[in-house]
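Chemist: Any chance you can model this:
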Amino acid sequence: MKAITVIEPDHMEMLDVKMPSITEPDQVLVRIHATGICGSDVHVAHGSNPYAVYPRVIGHEAAGEVKAVGEAVSDLAAGDGVVFEPITYCGKCYACRSGHHNVCRELKVLGCIVDGTFREYAVVKRSQLYRYDKSKMSYVQAALCEPYTIGFQANWRGDVRPGDVVLVHGAGPIGLIVADVAKSRGAVVIVSEPNENRLAMSARFGADYMVNPVKEDLDALVMDVTGGEGVNVVFEAAGIPALLEHAVKLLSPAGRLVAMTFAKTPTAIDFKAVNAKELTILGTRHQMQKFPETLERLADRLDRVDQLVTHVFPAEKYEEAFAVLADKDSGAGKVILTFD
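Modeler: Here you go, the predicted structure:
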């Protein structure tokens, strides 16, 4: 079978590898039909993901069809459509016992620590699959389920409430998803994005106010919208750590900062302001138990899903797909690879 593999940083190939088989009773064999390219896949490909182990089949945003099940699996059958839960966890450590299995001390992530979904077939545990109705979503659409779980997780972490004013830095796919979910929770949404095409798209994902911070005064807009109080929640989804430093100035008292960015070096935060306002700074990683909610609500968002998916390539054209994603002038949103 075909498998797109990062041999080592900056060296990626499509290899012909042996098809996996079920070896444990709780495993499922899945034929992967569509898999999205995430920014984290790019980081693994270039060696900038600190958790990656090589060589590695990358990818974790995927939808496919069940081909066979282990003898202990009774609630899935051949032909079922499924999406992938990208993580496995120990279930015993403090994080797991506290319900935060997404930060388990023994966390394993598809496409990073273990082989992922850029391949024709995969064998995973039953617990890593969620069934969906194939009559309601295509494989390409269903592949957006995992990115949407990130948006639901971030909004849960930020405790977005009806009437809150939230600021989303970045209108890439994740930023747009975060904005969409925040709007669905009853928030007033401000999106800040220097790319005019992405900024325009944010209007269709719930943005009430849109600002290009290169051309306009973001701080002035925030204070105007909030009557000088500041926003209640800031989501840093632009990948610019300096925005985390600036967020404490824009947040209202009792505000929340959801840091969706990680960097190689520490980020300076003014804790005088943090304490004066009693701000809450929240990390967010992957998701925990957000797939059922996301699948339930994704079918009502297919108009936005279709706008997010700007490019679909057969897997054999993975190099072109990565190039399009890297090209800031390509208009790329979500880029999907298909194995058909």
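
Chemist: Quick one: neighbours of Asp303, just the number.
Modeler: Residues near Asp303, counting by other Cβ atoms under 10 Å, number 8. No exception for glycine: its C-beta is placed from N, CA and C like everyone else's.

Chemist: that's a helix at it, yeah?
Modeler: Yes. Under DSSP: H, G, I helix; E, B strand; the rest coil, Asp303 falls within a helix.

Chemist: how near is it to Val309?
Modeler: For Asp303, the distance to Val309 equals 11 Å [Cβ to Cβ, to the nearest Å].

Chemist: Could you do His246 as well?
Modeler: For His246, the distance to Val309 equals 32 Å [Cβ to Cβ].

Chemist: For those two, work out which one has more neighbours and name it.
Modeler: Neighbours were counted for His246 and for Val309 using other Cβ under 10 Å; Val309 has more, 21 against 17.

Chemist: and that one, what does it touch?
Modeler: 140-141, 144, 333-334, 336 (Cβ atoms under 8 Å, 6 or more residues apart in numbering).

Chemist: Enumerate the beta-bridge partners assigned to it.
Modeler: Val309 has these beta-bridge partners by DSSP bridges: Lys334.

Chemist: before we move on, back to that, most neighbours among the contacts of Val309, please name it.
Modeler: Among the contacts of Val309, Leu144 has the most neighbours (other Cβ under 10 Å), with 28 neighbours.

Chemist: thought that residue was touching Val305?
Modeler: Yes. At 4.9 Å, Leu144 counts as touching Val305 under the criterion of Cβ atoms under 8 Å.

Chemist: anything in contact with each of the two?
Modeler: Contact criterion Cβ under 8 Å, 6+ apart; residues shared by Leu144 and Val305: Leu298.

Chemist: contacting residues around the residue nearest to the spatial centre of the chain?
Modeler: When Cα atoms, centre = their mean is applied to the chain, the residue found nearest the centroid is Pro147 (3.5 Å). By Cβ under 8 Å, 6+ apart, the residues touching Pro147 are 36, 38, 61, 173-174, 177, 308, 334.

Chemist: same deal with Glu71?
Modeler: Counting by Cβ under 8 Å, 6+ apart, Glu71 touches Pro25.

Chemist: SS state for it?
Modeler: Secondary structure, three-state DSSP: Glu71 is coil.
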